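# after the sequence you'll find the predicted model.
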Amino acid sequence: MSFKRVAILISGGGSNMVSLVQSMTGDHPARPCLVLSNQADAGGLAKAEAAGVPTAVVDHRPYGQDRAAFEAELIKPILESQADIVSLAGFMLVLTDGFVSQFQGRMLNIHPSLLPKYTGLNTHARALAAGDAEHGCTVHEVTAVLDDGPILGQAFVDVDPGDTAATLASKVLVQEHKLYPQVLRRYAAGDRKPIELR
């Protein structure tokens, strides 16, 4: 069986990356080929190494505002890894159209809201401020428009009285760790039909 090769981009602790890596065993149609971070001190790098996944770092800071130069370096380890799919898992930089277009139809992201609601940051606080009864997370294909792209899966949580942004974030994270591996498995097998977890 030939496996799809998955490069996972992270900026921090990499909890979603770990759930993806742990899922890619047995009859799963994909295998991790790279964990790449823009932060040398990202906690997820050690976790990836412990799992036997190759890692790389491309620090964005030396490039300042020159996004094109940074992305030209960022793409090198991905191309070298011969990745078929790129999964953004807590990668906290917005990628330009020039980068995204090279992986059109092959790049996934997980976002902590029920898109199209609450693109960008501070999603949990915004859901609370709006008085939403439910909240959740979305896995979508990445396009040039931030947090847009075709939705591949959503997982829902109830917003309870007394929830804070922190408690809501922890509830959503539990669902992220279930949703992202399920979507990736289907995506790697060629299934783009959206799923819902409740």
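The structure has been received and is ready for your questions. Residues are numbered from 1 along each chain as shown.

# quick check: mean pLDDT across stretch 6-18?
The average pLDDT within stretch 6-18 is 97.

# tally of neighbours for I151?
The number of residues packed near I151 is 19, by other C-beta atoms under 10 Å. All C-beta atoms are positioned from the backbone trio N, CA, C, and that covers glycine.

# I meant to write A89 there.
A89 has 25 nearby residues by other C-beta under 10 Å.

# distance of the closest residue to it other than its chain neighbours from Y63?
Spatial nearest neighbour of A89, excluding adjacent residues (C-beta to C-beta, 6 or more residues apart in numbering): N16 at 4.0 Å. For N16, the distance to Y63 (C-beta to C-beta, to the nearest Å) stands at 25 Å.

# the two: who's more crowded?
Neighbours per residue (other C-beta under 10 Å) separate N16 from Y63, with N16 holding more: 26 against 17.

# go ahead and confirm the more buried one touches E176.
Yes - with contact defined as C-beta atoms under 8 Å, N16 and E176 form a contacting pair (5.7 Å).

# what do the two both touch?
Common contacts of N16 and E176, defined by C-beta atoms under 8 Å, 6 or more residues apart in numbering, comprise I110.

# which stretches of this protein form strands?
Counting by DSSP state E, the chain has strands at residues 4-10, 30-37, 55-57, 85-88, 107-111, 134-141, 151-158, 195-197.

# dump the ones you listed into CSV; add distance to A68 as well.
As requested, these are exported to CSV (distance: least, C-beta to C-beta, whole Å):
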stretch, distance to A68
strand 4-10, 17
strand 30-37, 18
strand 55-57, 19
strand 85-88, 18
strand 107-111, 18
strand 134-141, 23
strand 151-158, 29
strand 195-197, 36
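
# list the buried residues for the lowest-mean-pLDDT helix or strand in the chain?
Least confident helix or strand of the chain, by mean pLDDT, DSSP states H and E, is helix 97-100 with a mean of 94. For helix 97-100, burial by neighbour count (16 or more other C-beta atoms under 10 Å) applies to F99, V100.

# in this structure, where's the longest helix?
helix 165-188 (DSSP state H).

# what does that helix contact?
Contact with helix 165-188 is made by 4, 6, 15-16, 19-20, 22-24, 28-30, 84-85, 87, 89, 108, 110, 112, 122, 124-125, 127-128, 135-137, 139, 152-157, 159, 163, 192-193, 195, 197, as judged by C-beta under 8 Å, 6+ apart.
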